[in-house]
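Enquirer: kindly return the folded structure for what I paste below:
(one chain, ligands or ions: 2)
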Amino acid sequence: MWLNDNDDSVVARISKRMSEVTGLSMETAEQLQMANYGLGGHYEPHYDMAVEEDRQVAELNDQRHGNRVATGLFYMSQPVAGGATIFEELGLAVFPTKNDCLFWYNVHKSGRPDMRTRHAGCPVLLGQKWVANKWIHERGQEFRRPCDLSADV
Ligand SMILES: O=C(O)CCC(=O)C(=O)O
Ligand SMILES: [Fe+2]
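Expert: Ligands and ions are numbered 1, 2, ... in the order given. Below is the predicted model of the structure:
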């Protein structure tokens, strides 16, 4: 389910806060995506951004707005057990805490995808997991997050 800033003042406030905290423009961001996981609900390992090898995602990548430069993942509820967001490459497991937001950059300042951002949602073992995704795009960030020539900054 996708929520537009005009749907409710809470949705608009989330966008505004996201911009204030990250310093990024929300002009080209996607609507807020809500997702619910029940028992056993999980999300296979994936990248949020388009990577060259992944044609399907690349085709989904909005050419006008550029790649998904960053992800804001809001935990709207707290499962009783399970449901961590894990980053395999980084050896990171983040257990959802209600009202927390996990933020990361998907692409380097050079525009190259950061392959360390591959992540997954582990199965919910007990309780419910609600998340909201805010995907922020490259266009509009030119002066807010300037490019850098080195590949891995
Ligand atoms: O639910 C999670 O922990 C991860 C969700 C996710 O990666 C996504 O929706 O793209
Ligand atoms: Fe994701």
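Enquirer: ligand 1 versus the spatially closest residue to residue 33 that is not a sequence neighbour, what's the distance?
Expert: Once flanking residues are discounted, residue 33 sits nearest to residue 133: 4.3 Å by C-beta to C-beta, 6 or more residues apart in numbering. (C-beta placed from N, C-alpha, C; glycine too.) Applying C-beta to the nearest ligand atom, to the nearest Å, the value for residue 133 to ligand 1 is 5 Å.
Enquirer: contacting residues for residue 133?
Expert: If you count contacts by C-beta atoms under 8 Å, 6 or more residues apart in numbering, residue 133 has them with 30, 32, 33, 35, 48, 71, 72, 73, 74.
Enquirer: go again with 10 Å.
Expert: 2, 30-35, 48, 68, 71-74 (C-beta atoms under 10 Å, 6 or more residues apart in numbering).
Enquirer: also residue 24?
Expert: 18, 69-70, 72, 103, 105, 136-138, 140-141, 144-145.
Enquirer: quick one: name whatever helix or strand follows the worst-scoring helix or strand of the chain on mean pLDDT.
Expert: Least confident helix or strand of the chain, by mean pLDDT, DSSP states H and E, is helix 55-60 with a mean of 57. Of the helices and strands lying after helix 55-60 in sequence (DSSP states H and E), the nearest is strand 68-75.
Enquirer: so what strands line up beside that following strand?
Expert: Using DSSP bridges, the strands paired with strand 68-75 are strand 101-105 (antiparallel), strand 129-137 (antiparallel).
Enquirer: residues of the first one that come out buried?
Expert: Okay, so that is strand 101-105. If you call a residue buried by 16 or more other C-beta atoms under 10 Å, then strand 101-105 has these buried ones: 101, 102, 104, 105.
Enquirer: what does stretch 98-115 give?
Expert: By neighbour count on 16+ other C-beta under 10 Å, the buried set for stretch 98-115 is 101, 102, 104, 105, 106, 107, 108, 109, 113, 114.
Enquirer: give me the beta-bridge partners of the residue nearest the centre of the chain?
Expert: Nearest to the geometric centre of the chain sits residue 71, at 2.5 Å (C-alpha atoms, centre = their mean). For residue 71, the beta-bridge partners are residue 104, residue 135 (DSSP bridges).
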